[in-house]
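[1] show me how the following folds:
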Amino acid sequence: MRREKKNQIIRVLAERIRGIILNEGIDFATLQEIRLREGQPLVIRCDGEEKLFAHIVTREELRETMEYIANYSLYAYEEEMKQGFLTIDGGHRVGISGKIIPDGGHVRNFQYISSINIRICHEVKGCADRLFPEVLENGRLCHTLIISPPGRGKTTLLRDMVRQISDGNAYLAGQNVGVVDERSEIGGCYQGVAQNQVGKRTDILDNCPKAEGLMMLIRSMSPQVVAADEIGTAQDVEAVSYAMHCGAIMLATVHGTSLEEIREKPFLKRFWEGHDFKRYVVMKESGKTGEIEGIYDDRGNRICCGN
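    Modelled structure (predicted):
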């Protein structure tokens with residue numbers, strides 16, 4: 001599996017970048033990001049630590065990398081590129097930035113790509129094990145919100161929760177789970193097929209806006225549990241509220257550093273004041289990726305300390 005992941009990443013890099021990465025002897029099990037910025041040093045992040053190389057990335061290397069990523073058919077990925085990212089084999093996400101071509105206030109395409117960020121997808125099976133005794137009440141799963149700064153492992157944690165709920169574990173029988181994967185990070189779908197293990201009873205809407213996707217799943221797939229990553233807009237909040245009030249258990253994540261911060265966010269206040277989410281999982285702002293600061297109930301009482 002480690003060799004396969006290594007091959008998935010290496011083969012999309014420009015030849016010279018590829019050689020630098022291979023010569024460094026990087027452990028792909030801990031590799032998190034590879035950043036290419038035109039005219040700037042090559043940067044990687046492993047296990048939370050950043051490393052800058054002496055090599056300066058060229059425009060030609062960016063072009064070559066994009067050709068490998070898109071199999072020489074960038075036009076086939078135009079719809080994905082409008083979102084600012086592509087998903088490659090293995091579920092790894094490639095973020096892009098540069099000069100866009102606007103169209104009526106929306107992004108039509110990219111004219112120039114000046115930065116590429118390859119985020120390596122890591123599955124950590126069992127990372128949600130310790131959550132289950134705390135996110136259940138009388139044997140029933142609670143509406144749960146995972147609070148985390150970017151890059152601290154919230155999606156990895158959510159993915160493992162989805163997998164265990166779908167397949168069933170020591171605490172729950174397997175349940176139908178609907179996932180709205182707006183950024184293709186939970187399932188890591190490639191050509192419509194999930195690359196990550198999300199369970200045998202899971203249905204995914206890939207590259208679909210959360211607000212639309214949650215309503216589509218509720219209306220058409222009868223999920224017992226629904227999951228979405230990174231609630232961030234008023235439309236997301238309305239859709240999450242709709243799902244909750246239709247009887248589905250909601251699992252979601254949001255960017256934040258503390259429970260106090262979430263209480264003050266205007267678009268999330270309604271959930272707090274209405275006691276909608278019964279569990280809040282707060283991830284640590286620093287330390288090892290995936291560490292939990294604490295789990296809280298809907299009144300802010302700490303249920304248990306983190307790891």
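[2] count of neighbours near E285?
    The number of residues packed near E285 is 13, by other C-beta atoms under 10 Å. In this view, the C-beta of every residue, glycine as well, is placed from N, C-alpha and C.
[3] I'd say it and E261 touch.
    No - between E285 and E261 no contact is recorded; they are 10.6 Å apart, counting by C-beta atoms under 8 Å.
[4] which SS state does D203 fall under?
    Using DSSP: H, G, I helix; E, B strand; the rest coil as the criterion, the local structure at D203 reads strand.
[5] quick check: bridge partners of it?
    Taking DSSP bridges, one obtains G178 as the residues bridged to D203.
[6] what's around it, how many residues?
    The number of residues packed near D203 is 16, by other C-beta under 10 Å.
[7] residues in contact with it?
    For D203, the contacting residues are 176-179, 217, 221, 223, by C-beta atoms under 8 Å, 6 or more residues apart in numbering.
[8] what about it, distance to A194?
    Here the criterion is C-beta to C-beta, to the nearest Å. By it, D203 lies 10 Å from A194.
[9] number of residues surrounding the closest residue in space to C127 that isn't next to it in sequence?
    The shortest distance from C127 to any residue that is not its chain neighbour, by C-beta to C-beta, 6 or more residues apart in numbering, is 4.9 Å, and that residue is D160. D160 has 24 neighbours, counted by other C-beta under 10 Å.
[10] in what helix or strand does D160 lie?
    Assigned by DSSP states H and E, D160 belongs to helix 154-167.
[11] so in that sheet, which strands flank the host helix or strand of E293, and in what orientation?
    Following DSSP H and E, one finds E293 within strand 292-297. In the sheet containing strand 292-297, the strands it pairs with under DSSP bridges are strand 279-283 (antiparallel), strand 302-305 (antiparallel).
[12] for the ones you listed, which has the smallest mean pLDDT value?
    For the strands paired with strand 292-297, mean pLDDT drops lowest on strand 302-305, to a mean of 86.
[13] can you list contacts of it?
    Outside of strand 302-305, the residues within contact range by C-beta under 8 Å, 6+ apart are 134, 279, 293-297.
[14] quick check: the two most widely separated of those residues?
    Taking C-beta to C-beta as the measure, the contacts of strand 302-305 reach their widest spread between E293 and D297, a distance of 14.9 Å.
[15] okay, these two: which has more neighbours?
    More neighbours sit around E293 than around the other of E293 and D297, counting by other C-beta under 10 Å; the figures are 20 against 16.
[16] could you measure from that one over to I147?
    Relative to I147, E293 is positioned 9 Å away (criterion: C-beta to C-beta).
[17] what sits in contact with each of the two?
    Taking C-beta under 8 Å, 6+ apart as the criterion, E293 and I147 both touch 282-283.
[18] which residues in the stretch 101-250 of the chain form helices?
    With DSSP state H, counting those that start in this stretch, the ranges of helices along the stretch 101-250 of the chain come out as 154-167, 210-220, 234-245.
[19] now render the ones you listed as CSV, adding mean pLDDT.
    Putting the helices of the stretch 101-250 of the chain into CSV (pLDDT from 0 to 100) gives the following:
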stretch, mean pLDDT
helix 154-167, 95
helix 210-220, 93
helix 234-245, 92
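[20] tabulate those (TSV), appending distance to K265.
    Listed next are those as TSV, based on distance: least, C-beta to C-beta, whole Å:
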stretch	distance to K265
helix 154-167	16
helix 210-220	16
helix 234-245	10
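[21] for I20, which of these is the nearest?
    In this view, the helices of the stretch 101-250 of the chain are compared for proximity to I20 by C-beta to C-beta, and helix 154-167 is the closest at 27.0 Å.
[22] what's that closest one packed up against?
    When contacts are defined as 3 or more C-beta pairs under 8 Å, 6 or more residues apart in numbering; DSSP states H and E, helix 154-167 sits against strand 144-148, strand 177-181, strand 202-206, strand 225-228, strand 249-255, strand 279-283.
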